[in-house]
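[1] Okay, here's the prediction I keep looking at, along with the sequence it came from:
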Amino acid sequence: DKMSTANGNIDLVELHIDVLRLNGEGFTLRIPHGTLGRDVRKMVAERLPSKPGATLVLYHMESKLILHQSLQEQGISGAARLSCTYVPTTWYSAWCFLQELPTAEGEFALEGLTHLTGPRSEECLHHLPQTLLNLTL
């Protein structure tokens with residue numbers, strides 16, 4: 001389906017994304033193909049429990065989902081399947097995020113942390129993980 005606007009054609013194609021965990025359980029997302037990987041990851045994380053010391057990773061086939069690109073830019077179209085799994089939190093990425101340095105994980109770099117002492121920026125306070133048990137300012 002396409003819709004014509006003053007800015008040109010905008011694709012309104014809805015994707016049916018099956019999100020599967022390693023144990024075979026899963027669910028389906030129905031989202032526009034222009035959705036960013038970051039937003040897909042947020043949607044998936046809202047449906048799954050957080051785990052201390054671990055972060056959620058999504059894959060399309062053998063490629064890790066790229067957070068700053070749309071699904072269309074990553075070649076994901078039609079009915080697609082994403083696999084998801086938990087991997088150990090990358091402490092270096094969390095440290096970089098807290099130092100306001102760029103990370104591929106962006107705001108998800110803190111996911112899985114259980115303790116945090118003295119964050120330097122207000123920005124990181126907006127992205128505290130559900131796994132956080134202790135925050136010392």
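    Happy to help now that I have it. Numbers count the residues shown, from 1 in each chain.
[2] Now do Gly24 against Leu71, distance only.
    Going from Gly24 to Leu71 by CB to CB, to the nearest Å gives 23 Å. All C-beta atoms are positioned from the backbone trio N, CA, C, and that covers glycine.
[3] can you check Phe27 too?
    Phe27 is 17 Å from Leu71, by CB to CB.
[4] One more: Glu25?
    Look at Glu25 and Leu71: by CB to CB, they are 22 Å apart.
[5] Neighbour count: these two, which is higher?
    Comparing Glu25 with Leu71 by neighbour count (other CB atoms under 10 Å), the higher total belongs to Leu71, at 25 against 9.
[6] Please put the alpha-carbon coordinates of the longest helix along the chain into PDB.
    Ranked by residue count under DSSP state H, the longest helix found in the chain is helix 37-47. The C-alpha trace of helix 37-47 is given here as PDB (Å, rounded to 0.1, in the frame of the first residue of the first chain):
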ATOM      1  CA  GLY A  37      15.700  -1.000  14.600                       C
ATOM      2  CA  ARG A  38      15.900   0.900  17.900                       C
ATOM      3  CA  ASP A  39      12.100   1.100  18.100                       C
ATOM      4  CA  VAL A  40      11.700  -2.600  17.200                       C
ATOM      5  CA  ARG A  41      14.100  -3.400  20.000                       C
ATOM      6  CA  LYS A  42      12.100  -1.300  22.500                       C
ATOM      7  CA  MET A  43       8.800  -3.100  21.500                       C
ATOM      8  CA  VAL A  44      10.400  -6.500  22.000                       C
ATOM      9  CA  ALA A  45      12.000  -5.500  25.300                       C
ATOM     10  CA  GLU A  46       8.600  -4.300  26.600                       C
ATOM     11  CA  ARG A  47       7.200  -7.800  26.100                       C
END
